[in-house]
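**Student:** Need coordinates for the below:
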Amino acid sequence: MRKVLFLGLIFGVVCFFVSVSFAAEYKYSEAADHIDEKATVCGKIVETMAYQGSTILGMGAAVMESGCVGIEIPDSMKDKLPEDMYKDKEICVEGEIYKNPNGGGSIKVTDPSQIKAE
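**Tutor:** Numbering: from 1, shown residues only. So this is what the prediction gives:
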C-alpha cells in the first residue's frame, strides 16, 4: 500500500511540473485576458515601430490601436533577429504578458528563442 501511495505522489508531482513547464497558448485577441501570465501568444505582425530604444511589433493590429499585442524587442537584440522583424508574418511569442498603455497585452522579448515564426 505504501508503494502505491508513494508512486501516486511521484506521479502527481511529475504531472504538476510538466503542466507548469508548458505555457498556455493564446490567439492575440485573447492576450489582454491573461495579464501577468506566462504564455505563448500567436498572431500576424501588421506593423513595426521604433520606440525609445526598442522596436515594437504590432500583433493583430497597428501598434497604437486597441486590440494590438505589442511585442517589445530591445534594439540591442536587432542583430540576432531577421532584418524585416517578422512584418506580415504569423509568429508566436512566449513570455509574461503585461498590460500595455492601450489596454491590451504586451510581451517583452529578452531572448530570440521566445519568437517562433509559423
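
**Student:** mind listing the helices for this structure?
**Tutor:** Taking DSSP state H as the test, the helices found in the chain are 2-21.

**Student:** Low-confidence ranges, it, go.
**Tutor:** 1-22, 83 (pLDDT under 70).

**Student:** top strand in it by residue count?
**Tutor:** strand 38-51 (DSSP state E).

**Student:** That one: which residues count as buried?
**Tutor:** Across strand 38-51, burial judged by 16 or more other CB atoms under 10 Å covers 39-48. (C-beta placed from N, C-alpha, C; glycine too.)

**Student:** Stretch 62-81 too?
**Tutor:** Residues 63, 67-73 are the ones in stretch 62-81 that count as buried (16+ other CB under 10 Å).

**Student:** what packs against the longest strand of the chain?
**Tutor:** Using 3 or more CB pairs under 8 Å, 6 or more residues apart in numbering; DSSP states H and E as the contact test, the elements touching strand 38-51 are strand 24-27, strand 54-59, strand 69-74, strand 90-99.

**Student:** Mind doing that once more with 6 Å?
**Tutor:** For strand 38-51, the packing partners by 3 or more CB pairs under 6 Å, 6 or more residues apart in numbering; DSSP states H and E come out as strand 24-27, strand 54-59, strand 90-99.
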